[in-house]
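[1] Model the following, please.
(one chain, ligands or ions: 1)
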Amino acid sequence: MSRPKLYFDILTLFPNFFHSPLRTSLVSKAIKNKLIHVTVHDIRQFGIGTHKQVDDRPFGGGPGMVLKPDVLELALKNVLAQGRTRGLRVKPKVILLDPTGASFNQEKAEVFSKKRWFILICGHYEGVDERFKDLFVDEQISIGDYVLSGGETAALVVIEGVSRLLPGFVGEAESTLSESFTEVKLNGKVSRLLDYPVYTRPEGFKGRQAPKILLSGNHGAIENWRMEKRVEKTRKIRPDLLQRSKSRDR
Ligand code: ADE
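    This next block holds a predicted model:
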């Protein structure tokens, strides 16, 4: 039997959070089909003392609680040992989900989809002791410029965003080759554009007709129209994507 392409180990204080999302949708199908392997670990298991303490007050005062570096180290080492018993010989990429991290985007998802093993650590409360980050975390990732209560939602976003790029995650009909944020060549530049608008039956809906060109059967013309719409929509809604487009030698 072939081995999963990607392994994700999630370290969290809220393991139940993942119950439903990993059992529904295309992610659950990918798990069932052994395209990906996801294990959820409860950080509290590695808590200290009878109260299984996982966090403490920040030195210097201030609000909130900070996740203890010794607890996280124990949890991480346990995951590393389990990985080895699963036969994983590669070094995992240890990611901390944190609003102060680098932005997760399609480019990042593409890079990650070429890797083999991820350990996703969900931060909480006031944050994670900086020494743990310095010593054990390869990359901090944020899913956007807003603050969530913890990294759990972000971990799911990373798992889905990365896994759906693996061959076999989506069916042939829903290929990920042409969609928002995939690279396209435009006037000698490589850009990541928003996707084009789509229409289906009925042809007329509340007095609005689907664009005639889409019914023409002229595939070349349809392709040109779709590219025009992508540029138009991107210019209107996300002009930053056009400014960001990279020049490529050809
Ligand atoms: N934890 C809290 N907010 C977050 C964000 N925006 N991205 C990743 N992890 C987070």
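
[2] okay, CA-based contacts and neighbour counts for the rest of this
    Will do.

[3] give the contact list for the residue nearest the centre of the chain.
    By CA atoms, centre = their mean, the chain has its centre lying nearest to Val158, at 1.8 Å. Val158 makes contacts with Phe104, Ala109, as judged by CA atoms under 8 Å, 6 or more residues apart in numbering.

[4] Double-check that it belongs to a strand.
    No. Looking at Val158 with DSSP: H, G, I helix; E, B strand; the rest coil, it is helix, so not inside a strand.

[5] Next, work out how far apart it and Glu110 are.
    Noted for Val158: a distance of 11 Å to Glu110, by CA to CA, to the nearest Å.

[6] ditto for Pro58
    On the measure of CA to CA, Pro58 and Glu110 end up 37 Å apart.

[7] those helices in this protein, which residues are they?
    With DSSP state H as the criterion, the chain has helices at 25-32, 69-85, 106-112, 130-136, 152-163, 219-237, 239-243.

[8] In TSV, list those along with mean pLDDT and distance to Tyr146.
    As requested, the helices of the chain are arranged in TSV below (pLDDT from 0 to 100; distance: least, CA to CA, whole Å):
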stretch	mean pLDDT	distance to Tyr146
helix 25-32	94	25
helix 69-85	97	24
helix 106-112	96	18
helix 130-136	98	21
helix 152-163	98	11
helix 219-237	97	19
helix 239-243	91	19
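
[9] among those helices, which is the most enclosed?
    Mean neighbours per residue, mean count of other CA atoms under 10 Å, is largest over the helices of the chain for helix 152-163, with a mean of 21.

[10] And the ligand, is it touching that?
    Yes. Residues of helix 152-163 contacting the ligand under CA under 6 Å from any ligand atom: Ala154.

[11] what are the ranges of the strands in this protein?
    Secondary structure of the chain by DSSP state E: the strands cover 6-12, 36-42, 55-56, 66-67, 93-103, 117-122, 127-128, 139-142, 183-186, 189-192, 204-205, 208-209, 246-247.

[12] Save these as a markdown table, and put in mean pLDDT, distance to Ser163 and mean neighbour count too.
    Putting the strands of the chain into a markdown table (pLDDT from 0 to 100; distance: least, CA to CA, whole Å; neighbours: other CA atoms under 10 Å) gives the following:
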| stretch | mean pLDDT | distance to Ser163 | mean neighbour count |
| --- | --- | --- | --- |
| strand 6-12 | 98 | 8 | 23 |
| strand 36-42 | 98 | 7 | 19 |
| strand 55-56 | 97 | 32 | 18 |
| strand 66-67 | 97 | 28 | 22 |
| strand 93-103 | 97 | 15 | 20 |
| strand 117-122 | 98 | 12 | 24 |
| strand 127-128 | 94 | 27 | 20 |
| strand 139-142 | 98 | 16 | 20 |
| strand 183-186 | 85 | 18 | 16 |
| strand 189-192 | 89 | 19 | 20 |
| strand 204-205 | 98 | 36 | 10 |
| strand 208-209 | 98 | 37 | 10 |
| strand 246-247 | 64 | 25 | 14 |
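
[13] what's the closest of these to Arg23?
    strand 36-42 (11.0 Å; CA to CA).

[14] and the closest one with helix 25-32, angle?
    100 degrees (axes from the mean of the first three to the mean of the last three CA atoms, to 10 degrees).

[15] which other helices and strands contact strand 36-42?
    strand 6-12, helix 25-32 (3 or more CA pairs under 8 Å, 6 or more residues apart in numbering; DSSP states H and E).

[16] Show which residues not belonging to that strand make contact with it.
    Here strand 36-42 makes contact (CA under 8 Å, 6+ apart) with 4-15, 18, 30-31, 163.

[17] can you tell me which of these lies nearest to the ligand?
    Thr12 (11.7 Å; CA to the nearest ligand atom).

[18] need the residues of the chain near the ligand, please.
    Counting by CA under 6 Å from any ligand atom, the residues of the chain lying close to the ligand are 97-99, 141-151, 154.
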